[in-house]
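Engineer: I'll drop the sequence and a predicted model, then ask my questions.
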Amino acid sequence: MVTGKSSKVGNSIAISILFVFSLVWMFPIFWTLLQSLRPYGDVLKYGSVSWPHTLNLHNYWTALVQSQMWKYFINSFEVAVPAVLITLFLASMVAFVVSRYSFKFNVGLLMLFTAGNLLPPQLVFIPIFRLYIHTWVPNFINSDGVLYNTQLGLILIHVALQMGFATFVLSNYLKTIPKEISESALVDGASVWKHYYVVILPLLRPALASLGVLMTTWIYNDFFWSVALLSSGDKRPITAALSNLQGEFFTDYNLLAAGATLAFIPTLIVFFTLRKQFVSGLTLGSTKG
Amino acid sequence: MTSSTSTKTAAAEATPRRRRRGHNFTTTDRAVLSGLVGGPTILHILLVWIPALCTVALSFTYWDGIGGLNEIHWVGLKNYQQIFTIYQDFKPAVRNNVLWLGFFAIIATPLGVILAYYIDKELKGTKFFQTAFYLPMVLSLAVTGIVWDYIFRTNGFVNSVMGNTDAQTAVSWFGDPHKNIWIVLIIASWRHIGYVMLLYLAGMKSVDPSLHEAAAIDGATSWYTFRKVIFPSLRPVNVIIIVITVIDSLRAFDLVYIINRGRNGLQLLGVLVYDNIFGEATRIGWGSALATILFALSIIPIMLYLYQTFKKDK
């Protein structure tokens, strides 16, 4: 933009400040990583800010195998994968109708979905909790015979809430795609279902990918609903199960650091490999001017 | 799909009319359409809006949550009256929520915008900076709480660097009810700033480059251009960031819950709702009234958001 000597000096100052900021930003994560590699005894002996005398992966071994954290990873995937797939499927259907047909209820419906997504979860969860306690499910889903304390219940609430955001994003995305594509399908006499499944769904692929990445991270990171709707610790996804590593009287903080690191490593991998999708998912929903 | 051939012929017959008079659907199409919209909508209303309305209704009742639905007594505004007068945790919670909003609005959000301004200049190392600022967003709030605990715990990084190595002199950053909320706000901002920056960057990318050029030809400095040209043209993004700032401040829960269950200086409205449902005493009425207060406070930002995003559709 503006290039001159004064702005060059300004730029290098800006770069230095940004550099210091980024280091400060990343420090807590690095610090946790470092703690996770140190045995508890080492820290006890020399203090947490000291030259590490021993660095090993023992805490990770303990967290994964002895504390059985691998089980919670499975729980996380059992919740996140179906929840995201169902959400995307349902949201794409509504987005398709709302953006391809001009019904009177279109805008109202989109507003309902969007507003629903913005509601404080605390407003929703009291009746949900009561509802789940009294909803019968077959024994193979839950031996207590109710929806409360099941992963199915958790999946359902995630779908219902995330659907608002996903529908909003997908219908915005579809509005940017020329309607002519649909019209040629209509001339060919395709049914509504074919129009959706054969014409629209493939067009939505990039937006579905972005949303999928973003929502998987969100659901994986969820804490509120997992704690509220799953009473048994062993059913909880990893983010909520971290508190299992916090003992009531004694906590091995280096073990907890390893647990926390294990919990965020998948999201970091997703972020670094699918960063473009992650970022575009976040911005798709917000920058429609 | 099984009746695709019959649908095809029917649709083919209907096509000329449809082209002229808008929609004229076959029975199958009608059924499919209702399914496509109806199914998801019913699920959403059933699990989001009906519970939300039930909470509002329950806020005017007394219910210990143990007995059946016939145990619910109508008490009018009594829950609200009690919350405002005798509930000791209410005032600190409101104060903390307000503080949260103020801190985000005055410090975190503007900082995110300023960072976006510098990142947008695409200086050397901009990719690295972006990654650093985005990282906290990828972490869950629960993990965030644990990660920062290593920095601020009594034998954590800050105390060690300050030389407070023994338990007597160490500052209890999370335990001191006058300090802990500020620490939590720093932690929450760590995450919020990156989010604001991301949204703003995307907005700035969408600004017509000719605006920049025109301003540069006029000899405006880039900061002046940003303030007078770019910032006003980003009104939609500005509104959305305001809304997100307000709503996130109201919804705050995870971070304080993982730190100390939201007690002793870290009370928040969102936590009080939870406490009244799962705490030692189940007071559905109080919990619902608190949730309804949260809802009432969220209505304005939600409406603002809806207005901003849907005004063109009307």
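Structural biologist: Arrived safely.

Engineer: Neighbours of residue A:141, how many?
Structural biologist: 14 (other C-beta atoms under 10 Å in any protein chain shown). All C-beta atoms are positioned from the backbone trio N, CA, C, and that covers glycine.

Engineer: does it sit in a helix or strand, and which one?
Structural biologist: Using DSSP states H and E, residue A:141 maps to neither a helix nor a strand.

Engineer: Tell me where the stretch 151-300 of chain B has helices.
Structural biologist: Assigned by DSSP state H, counting those that start in this stretch, the helices in the stretch 151-300 of chain B fall at B:157-161, B:180-205, B:209-217, B:222-225, B:231-233, B:235-251, B:254-260, B:269-278, B:284-310.

Engineer: Report the contact partners of the spatially closest residue to residue B:156 that is not a sequence neighbour.
Structural biologist: Nearest residue to residue B:156 in three dimensions, chain neighbours excluded: residue B:150, at 5.4 Å (C-beta to C-beta, 6 or more residues apart in numbering or on different chains). By C-beta atoms under 8 Å, 6 or more residues apart in numbering or on different chains, residue B:150 lies in contact with A:28, A:31, A:32, A:35, A:48, A:253, A:257, B:156, B:157.

Engineer: just to revisit the earlier point, which one, of the helices of the stretch 151-300 of chain B, ends up nearest to residue A:128?
Structural biologist: Of all the helices of the stretch 151-300 of chain B, helix B:269-278 sits nearest to residue A:128, with 10.7 Å by C-beta to C-beta.

Engineer: list the buried ones in the host helix or strand of residue B:147?
Structural biologist: Applying DSSP H and E as the criterion places residue B:147 in helix B:141-152. Neighbour counts over helix B:141-152 (16 or more other C-beta atoms under 10 Å in any protein chain shown) mark B:141, B:142, B:143, B:144, B:145, B:146, B:147, B:148, B:149, B:150, B:151, B:152 as buried.

Engineer: Of these, which is the nearest to residue B:248?
Structural biologist: Nearest to residue B:248, judged by C-beta to C-beta, of the buried residues of helix B:141-152 is residue B:141 at 10.6 Å.

Engineer: so the closest one sits right up against residue B:259, yeah?
Structural biologist: No: using C-beta atoms under 8 Å, residue B:141 is not in contact with residue B:259; the gap is 10.2 Å.

Engineer: Wondering if stretch A:207-220 reaches chain B at all.
Structural biologist: Yes: Stretch A:207-220 reaches chain B (C-beta under 8 Å from any C-beta of the partner chain) through A:217, A:220.

Engineer: and that stretch, how far from the chain's centre?
Structural biologist: Using C-alpha atoms, centre = their mean, to the nearest Å, the distance from the centre of stretch A:207-220 to the centre of the chain it belongs to is 6 Å.

Engineer: burial count for residue 253?
Structural biologist: Since no chain was named, I'll use chain A. Residues near residue A:253, counting by other C-beta under 10 Å: 23.

Engineer: other chain: chain B
Structural biologist: Neighbour count for residue B:253, taken as other C-beta under 10 Å: 22.

Engineer: same check, this time on residue B:308
Structural biologist: For residue B:308, the count of nearby residues is 19 (other C-beta under 10 Å).

Engineer: One more: residue A:260?
Structural biologist: As a burial measure, residue A:260 scores 30 neighbours (other C-beta under 10 Å).

Engineer: helix or strand for it, which one?
Structural biologist: Counting by DSSP H and E, residue A:260 is part of helix A:253-273.

Engineer: contact partners of that helix?
Structural biologist: With C-beta under 8 Å, 6+ apart, helix A:253-273 has contacts from A:29, A:32-33, A:35-36, A:38-40, A:43, A:59-60, A:62-64, A:67, A:69, A:73, A:213, A:216-217, A:220-221, A:238-239, A:242, A:245-246, A:278, B:134-135, B:138-140, B:143, B:146-147, B:149-150, B:153.

Engineer: what residue ranges in chain A are flagged as low confidence?
Structural biologist: For chain A, the stretches flagged by pLDDT under 70 are A:1-7, A:247-250, A:285-289.

Engineer: got the contact list for the residue nearest the centre of chain B?
Structural biologist: Nearest to the geometric centre of chain B sits residue B:248, at 3.3 Å (C-alpha atoms, centre = their mean). Counting by C-beta under 8 Å, 6+ apart, residue B:248 makes contact with B:104, B:192.

Engineer: how close does it sit to residue A:125?
Structural biologist: 18 Å (C-beta to C-beta, to the nearest Å).

Engineer: Residue B:186 too?
Structural biologist: Distance of residue B:186 to residue A:125, computed by C-beta to C-beta: 28 Å.

Engineer: Residue B:266 now?
Structural biologist: Distance from residue B:266 to residue A:125, by C-beta to C-beta: 20 Å.

Engineer: Kindly report the same for residue A:152.
Structural biologist: Look at residue A:152 and residue A:125: by C-beta to C-beta, they are 16 Å apart.

Engineer: So which of those two has more stuff around it?
Structural biologist: Comparing residue A:152 with residue A:125 by other C-beta under 10 Å, the one with more neighbours is residue A:125, at 24 against 15.

Engineer: What is the burial count for the closest residue to residue A:241 other than its chain neighbours?
Structural biologist: Closest residue to residue A:241 apart from its sequence neighbours, by C-beta to C-beta, 6+ apart: residue A:72 at 4.2 Å. Residue A:72 is flanked by 24 other residues according to other C-beta under 10 Å.

Engineer: check contacts around residue A:72.
Structural biologist: For residue A:72, the contact set (C-beta under 8 Å, 6+ apart) comprises A:236, A:237, A:238, A:241.

Engineer: Hmm, the second one is touching residue A:223, no?
Structural biologist: No: shown here, residue A:237 and residue A:223 do not form a contact pair, counting by C-beta under 8 Å, at 9.1 Å.

Engineer: what helices or strands is the helix or strand hosting residue A:21 leaning on?
Structural biologist: Element membership for residue A:21 (DSSP H and E) is helix A:5-37. Packing partners of helix A:5-37 (3 or more C-beta pairs under 8 Å, 6 or more residues apart in numbering or on different chains; DSSP states H and E): helix A:58-61, helix A:253-273, helix B:109-120, helix B:126-138, helix B:141-152, helix B:180-205.

Engineer: For the fourth one, give the mean pLDDT please.
Structural biologist: Mean pLDDT, taken over the full extent of helix B:126-138, equals 92.

Engineer: Is that helix positioned near chain A?
Structural biologist: Yes: Helix B:126-138 reaches chain A (C-beta under 8 Å from any C-beta) through B:128, B:129, B:132, B:133, B:134, B:135, B:136, B:138.

Engineer: So what's the residue count around residue 219?
Structural biologist: This is for chain A. With other C-beta under 10 Å as criterion, residue A:219 counts 26.

Engineer: let's do chain B instead
Structural biologist: Neighbours of residue B:219 under the rule other C-beta under 10 Å: 8.

Engineer: and it, how far is that from residue B:225?
Structural biologist: Applying C-beta to C-beta, the value for residue B:219 to residue B:225 is 10 Å.

Engineer: With residue A:74 instead?
Structural biologist: 53 Å.

Engineer: between these two, which one's more packed in?
Structural biologist: Between residue A:74 and residue B:225, residue B:225 has the larger neighbour count (other C-beta under 10 Å), namely 20 against 11.

Engineer: List the residues that contact that one.
Structural biologist: The contact partners of residue B:225, by C-beta under 8 Å, 6+ apart, come to A:1, B:211, B:212, B:215, B:216.
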